[in-house]
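Asker: structure of the sequence below:
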Amino acid sequence: YRYPLEDYVPLRKSQLWKLATTFYEFHGPESWISKGVPNCITSNPFIAKSYAKVLRGYLRDMTINATGIKLDVNEPLYIIELGAGLGKFSFLFLNAIEKLRSTLFFPFEKIIYVMTDA
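Answerer: Below you'll find the predicted structure:
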């Protein structure tokens, strides 16, 4: 059986949003360090390898002109990660890309990875 906790509402008006907001306001930055905010769903080797394979497919398509727009391999490729936090995903993703470097269809040295966070 399913017992909904509340009817459909936009996330911003949901109980989940209220609980999360209260948690983060109370614990602040410690939320990510010692309070156990789960990041394993987005920052694990499997996801990083999967994203690296998606990047490889994108680079293949863009360098062989499969989309009608050809990527210039003589220019740098900027990848910007928003909300990088402590950089766990960045580290795993960059390691996964480096392992695929011989099959990337793009010069590894020309990839510039920019991490951002607020």
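
Asker: just the helices in this protein please.
Answerer: For the chain, applying DSSP state H gives helices covering 15-27, 30-33, 45-63, 88-99.

Asker: packing partners of the lowest-mean-pLDDT helix or strand in the chain?
Answerer: The helix or strand of the chain with the lowest confidence, counting by mean pLDDT, DSSP states H and E, is helix 30-33 at a mean of 74. For helix 30-33, there is no helix or strand it packs on, judged by 3 or more CB pairs under 8 Å, 6 or more residues apart in numbering; DSSP states H and E. C-beta coordinates here come from the backbone N, C-alpha and C atoms, glycine included.

Asker: ok, residues contacting that helix?
Answerer: For helix 30-33, contacts defined as CB atoms under 8 Å, 6 or more residues apart in numbering pick out Phe23, Tyr24, Val37, Asn39, Gly85, Leu86.
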